[in-house]
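> take a look and give me a structure for this.
(2 chains)
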Amino acid sequence: MPDTATEAPVLADYAIEVRSKNAGPFWVTMELFMRDAAGYAIAADEELVNEALISELYAVPAETVRIFRLPALNVVKISFPRPVSQAGLRDRDVHAGQHHVPLACVRVPARHLPAGAKDDEGDGRA
Amino acid sequence: MPSSTDAAAERCGILVPSGMLGAGFDPATVARGLTLGPDVIAVDGGSTDSGPYYLGTGTAKTTAAAVARDLRILLRAAAEAGIPLVVGSCGTSGTDSGVDWVAGIVREVMAEEGLDLRIATVYSEQEASFLKEQLDAGRIHPLPPAGPLTASTLEDCAHIVGMMGHEPFAEAIAAGAQVVLAGRATDTAVAAAVPLMRGMPAGPTWHAAKIVECGGQCTTNPRTGGVFATIDHGGFTIEPLDPDTACTPISVAAHMLYETVDPYRMREPAGTLDVSDATYEALDERRVRVEGSRFEPAAQHTIKLEGARVTGYETVSFTGVRDPYIAANIDRWAELLRTVLVERVAQTLGLTEDDYAFDIRLYGHNAILENLDPDGRPPREVGVMLVVNASDQRTATAVAKVANPLMLHLPLPEMAYLPSFAFPASPAETERGAAYAFTLNHVVDVDSPTGLFRTAHDWTATRA
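Numbering: from 1, shown residues only, chains lettered A, B, ... in the order given. Coordinates of the predicted model:
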């Protein structure tokens, strides 16, 4: 579970695991393994987790992002081309194993929270 | 040994001891696997996951002692059961040197164990000159996100390998090999070869092969080692080799997500595995039945290429900042280090930024995610890693040596004292040697699935 900078709920709070990894030398892939159907409904919300959000979180072109929503597994999977050459001078994560954190820290908007829970209805970033 | 051309087989068992040769496993799990009636022991020997260095240098990520330890158990098991042992992507990257390295270990272990198994080695390295002809003939195509290939990119590669499918394995086994040691192969080809030879359907075979390729990764406890898949004409069944671990429908289905871009469709040289309609059903508490997997043969057989080239030579230096004031202003300090280093390198070495490149990574602050990090809280201590890349090692080290006094003493402009930072080692500079990059993400059209690969049978010269 990643550190969360605020007390507001984030995607990781509803997940068994959020992970990232290389998918071959040229792609990164991430998975949100949600705890249950309710958690899946949050992660699979196309208004929340979409190509534009991933583009903003990872500074990659939105049109290169691929998102797969798998209700049978309560999983949302996201793939995009590796923005930095693997093991190159600017690569700080050779296996792309720690790049899930910005995704895990995405704030869950108020519409997915029980009435009365506080949230600032921000841009989704914690 | 079972007949390799028995197309009437009703089932075919694959024993996968672990996700990687040299990763280690409990010998008891292999002994248990033998009681389940395997037709082949299959294990992967490589990956691109750890970067282009291994392909660039033709060296292995694993150590010989660990590979020998695993092989000793597997060679004995294969001999005892009279079934083939198949290893793919030998020596991490599947270069010819990687195949020879594993073959050398196999021969040593066999001599020590008094085993006499027929070894086939299958080589996958490609000549740039041959590939340039293919490029000119329009037979090489990029995979996303790569662009078109140029001849000079091929010439720049230190090594190029082609990823074989199951066919070279099948050919070697059909010719009598009991141990097949292959160069670069798809992760799945290793496990798929024998089931396909036995006439098992392609959909379940390739799907099972994908599920077993990482060993215990598809179980509820990936650390316990291997798995056993039984393929038949209706689908496949999978279970862990460790009796205290389970495969569940979720753990098996979830493995299609692991290190894949697309969890439904996976291209192999001969076609595409499609698991969109696959069903996963628990047979009991530790076995899962999978049905409904399909394989669509491709109109054109293609071989994926991997290449690595030298991008320069690297030197690293590392110091620690605990000074609370500098830690609180660490981004500004790093920016100052960057600016002053460029100036000093120009003054002392006469080099411009075209002559070298460097990266400053702030461990404890944002070294991993840099400006993508959602947490910008001030750090308590920061490890400052300098990485310099230049066209030769001497220049890279010279730049790092110029950085040394700055990494020891650089104050922020408003500071009235000269800080001294914490070097963890002396000398401060560590030469990393050549740095590499993967340069190819392309496929080549082939007329024959075995045409790009060369097989040597080492028993033909000495035995009948």
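> rest of the way, CA atoms for contacts and neighbours
Noted.
> next, count neighbours for the closest residue to chain A within the stretch 351-464 of chain B.
Proximity of the stretch 351-464 of chain B to chain A (CA to the nearest CA) peaks at B:I368, 5.3 Å away. By the criterion of other CA atoms under 10 Å in any protein chain shown, B:I368 has 18 neighbours.
> how near is it to B:F318?
As for B:I368, its distance to B:F318 is 15 Å (criterion: CA to CA, to the nearest Å).
> contacting residues for the residue most central in space within chain A?
Central residue of chain A (CA atoms, centre = their mean): A:L103, 2.9 Å from the mean position. A:L103 makes contact with A:L11, A:I54, A:L57, according to CA atoms under 8 Å, 6 or more residues apart in numbering or on different chains.
> does it count as helix, strand or coil?
helix (DSSP: H, G, I helix; E, B strand; the rest coil).
> report pLDDT for it.
Predicted confidence (pLDDT) for A:L103: 98.
> kindly report the same for A:L89.
pLDDT at A:L89 comes out at 96.
> apart from its chain neighbours, what residue comes closest to it?
Spatial nearest neighbour of A:L89, chain neighbours left out: B:D359 (6.6 Å); criterion: CA to CA, 6 or more residues apart in numbering or on different chains.
> so the one you found touches B:A396, yeah?
No. Taking contacts as CA atoms under 8 Å, B:D359 lies outside contact range of B:A396: 12.0 Å.
> count the neighbours of the residue of chain A found nearest chain B for me.
For chain A, the residue closest to chain B is A:A23, as judged by CA to the nearest CA, at 4.1 Å. Counted with other CA under 10 Å, residues neighbouring A:A23 total 24.
> B:I41 now?
Burial of B:I41 is recorded as 28 neighbouring residues (other CA under 10 Å).
> which residues are in contact with the lowest-mean-pLDDT helix or strand in chain B?
Across the helices and strands of chain B, mean pLDDT, DSSP states H and E gives its lowest value to helix B:249-254, namely a mean of 94. For helix B:249-254, the external contacting residues (CA under 8 Å, 6+ apart) are A:L73, B:I211, B:C218, B:T219, B:T220, B:Y280, B:E281, B:A282, B:V288.
> helix or strand right after it?
strand B:265-268 (DSSP states H and E).
> list the contacts of that following strand.
With CA under 8 Å, 6+ apart, strand B:265-268 has contacts from B:G165, B:T186, B:T272, B:L273, B:D274, B:V275, B:S276.
> wait, doesn't the third one sit right on B:A298?
Translated: B:T272. Yes. Using CA under 8 Å, B:T272 is in contact with B:A298, at 6.9 Å.
> in contact with B:E285, which residues?
With CA under 8 Å, 6+ apart, B:E285 has these contacts: B:A246, B:C247, B:T248.
> and if we set it to 10 Å?
Neighbour list for B:E285: B:E239, B:T245, B:A246, B:C247, B:T248 [criterion: CA atoms under 10 Å, 6 or more residues apart in numbering or on different chains].
> got a markdown table for the contacts of A:L103, with secondary structure, neighbour count and pLDDT too?
Output for the contacts of A:L103, formatted as a markdown table (DSSP: H, G, I helix; E, B strand; the rest coil; neighbours: other CA atoms under 10 Å in any protein chain shown; pLDDT from 0 to 100):
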| residue | secondary structure | neighbour count | pLDDT |
| --- | --- | --- | --- |
| A:L11 | helix | 24 | 98 |
| A:I54 | helix | 21 | 98 |
| A:L57 | helix | 18 | 98 |
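> now the residues you listed in JSON lines, with distance to chain B?
JSON lines is the format used below for the contacts of A:L103 (distance: CA to the nearest CA, whole Å):
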{"residue": "A:L11", "distance to chain B": "13"}
{"residue": "A:I54", "distance to chain B": "11"}
{"residue": "A:L57", "distance to chain B": "6"}
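> need the three-state assignment for the closest residue to chain A within the stretch 51-200 of chain B.
The minimum distance from the stretch 51-200 of chain B to chain A, using CA to the nearest CA, falls at B:G51 (5.8 Å). On the three-state scheme (three-state DSSP), B:G51 is labelled coil.
> what about it, how many neighbours?
B:G51, neighbours per other CA under 10 Å, totals 23.
> again with the one 4 residues further on
Using other CA under 10 Å, the number of residues around B:L55 comes to 29.
> ok, now A:A110?
Using other CA under 10 Å: A:A110 sits among 17 other residues.
> picking up where we left off before, compare B:T272 and B:A298 (neighbour count), which wins?
Ranked by neighbour count (other CA under 10 Å), B:T272 and B:A298 place B:T272 first, with 18 against 13.
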